[in-house]
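what follows is a predicted protein model with its sequence.
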Amino acid sequence: AHSYTKYNTWTDIVAWMSSMTSSSSGLMTKQVIGNTYEGRAMTVLKIGKASSSTKPAIFMDCGIHAREWISPAFCQWFVKEALSTYGTDSQMTSLLDQMDVYVLPVFNIDGYDFTHKSNRMWRKTRSRRSGSSCIGADPNRNFDAGWCSMGASSNPCSDTFCGYTPESEIEVKNVADFIRRNKSTIKAYLTIHSYSQLLLFPYSYTYDLAADHNELMKVAEGASSALRSLYGTRYTSGPGATTIYPAAGGSDDWAYDLGVKYSYTFELRDTGRYGFLLPESQIKPTCEETMLAVKGAVKFWRRIS
Ligand SMILES: Nc1ncc(C[C@H](C[SeH])C(=O)O)cc1Cl
Ligand SMILES: [Zn+2]
Ligand SMILES: [Zn+2]
Ligand SMILES: [Zn+2]
């Protein structure tokens, strides 16, 4: 059965999305934005006070990399927090009154299911193409952002295989199409990964600084200090290229170049002791501190948008 302090199976998450939607009393709706390669429904949860006028929005995805299990756990935690504290927590109430939050709890569902059933360390999608016996592409190298120019491989057997063309992975195309359709309202993009405890922003595909570098850095530092205030967890903030590694085809760079100004990649706990195998005992503290980071960033954005 579903638990917020366990790494839930896809089956449990599907049941959870349905029950949360029906009990959300109008605060949340769900929409399928397309299917994965193996035919699973990519489901976006839209959270926010119902309004006849269009509201500015945040888009957050989790689970783009299959083995990074703490990521989908955070998206589920965020949804629970949003629905359960609306009306009592002033920050969450004003956020959901003034903005909509789109949450994609699991981006790479086929890969996530595969890590539960067979290879815990799988990272990529599960697409197959004649001509290679190797499976899948790295969805975070498959976006049309400096595609395959650096930090990615054109070898289908590589864990950072960039795909045959930009958006060749149907999961990537489904998300890119959704964000393009809604780009006039989407003001912020958050993509949740693990591990390393980093708050990254554009660019990863070049060492050039983003036009909004100073502002992006300020928001990141505010968010990471809010995060640190709870358990003292230390995050490093900065552009991807110099803070983690140069790499092209990432979703944050793509969203930023599309015009989504506040575009961030979170790398959650830990720094390598457990890595992708973060114990379930750390789900709660990780999610609680990350909630503070997201709320801290939103507070900053709402002040200026
Ligand atoms: N634009 C990007 N932003 C963040 C990262 C780091 C993640 C960490 Se798992 C990755 O390697 O895909 C990678 C890229 Cl290409
Ligand atoms: Zn279960
Ligand atoms: Zn990742
Ligand atoms: Zn990572």
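Yep, that arrived. Ligands and ions are numbered 1, 2, ... in the order given.

point out the residues in the stretch 1-150 of the chain that sit beside ligand 1.
Taking C-beta under 6 Å from any ligand atom as the contact definition, the stretch 1-150 of the chain meets ligand 1 at His65, Asn140. All C-beta spots, glycine's among them, are computed from the backbone N, C-alpha and C.

would you map the strands across the stretch 1-150 of the chain?
28-35, 41-47, 57-62, 100-104 (DSSP state E, counting those that start in this stretch).

just say which of those is most tucked in.
Mean neighbour count, computed with mean count of other C-beta atoms under 10 Å, is highest for strand 57-62 among the strands of the stretch 1-150 of the chain, reaching a mean of 25.

got the buried residues for the lowest-mean-pLDDT helix or strand in the chain?
The helix or strand of the chain with the poorest confidence is helix 283-304; it has a mean of 92 (mean pLDDT, DSSP states H and E). Buried residues in helix 283-304, defined by neighbour count with 16 or more other C-beta atoms under 10 Å: 283, 286-287, 289-301.

out of those, which is nearest to Thr54?
When those are ranked by distance to Thr54 (C-beta to C-beta), Trp301 comes first, at 16.9 Å.

residues contacting the closest one?
Neighbouring residues of Trp301 by C-beta atoms under 8 Å, 6 or more residues apart in numbering: Lys187, Ala188, Val219, Tyr262.

for Met28, give its distance to ligand 3.
As judged by C-beta to the ion, to the nearest Å, Met28 and ligand 3 stand 26 Å apart.

hmm, stretch 215-230 in reach of ligand 1?
No: Stretch 215-230 is not in contact with ligand 1 by C-beta under 6 Å from any ligand atom; minimum separation 12.9 Å.

tell me the spacing between the residue in the chain positioned nearest to ligand 2 and ligand 3.
Relative to ligand 2, the nearest point of the chain is Asp12 (4.2 Å; C-beta to the ion). With distances taken as C-beta to the ion, Asp12 is found 22 Å from ligand 3.

and for the residue lying closest to that residue once chain neighbours are set aside, the neighbour number?
Excluding the flanking residues, the one nearest Asp12 by C-beta to C-beta, 6 or more residues apart in numbering is His2, at 4.4 Å. If you count neighbours by other C-beta atoms under 10 Å, His2 ends up with 16.

for Leu258, same thing?
For Leu258, using other C-beta under 10 Å, the count is 17.

about what we covered before: which stretch among the strands of the stretch 1-150 of the chain comes nearest Ser127?
The nearest among the strands of the stretch 1-150 of the chain, by C-beta to C-beta, is strand 28-35 at 12.3 Å.

need the contact partners of that closest one.
Contacts of strand 28-35 (C-beta under 8 Å, 6+ apart): 17-18, 20-21, 41-47, 79, 82-83, 104, 170-171, 173-175, 177-178.

rewinding a little: and the pLDDT for the residue nearest to Asp12?
With respect to pLDDT, His2 scores 98.

for it, give me its contacts.
Going by C-beta under 8 Å, 6+ apart, His2 touches Asn8, Asp12, Ile13, Ala15, Trp16.

out of the residues you listed, which are buried?
By neighbour count, with 16+ other C-beta under 10 Å, the contacts of His2 hold Asn8, Ile13, Trp16 as buried.

show me the contacts for Glu171.
Residues in contact with Glu171 (C-beta under 8 Å, 6+ apart) are Gly34, Thr36, Tyr37, Met42, Phe107, Asn108, Ile109, Asp110, Thr125, Pro139.

thanks again, I'm all set now.
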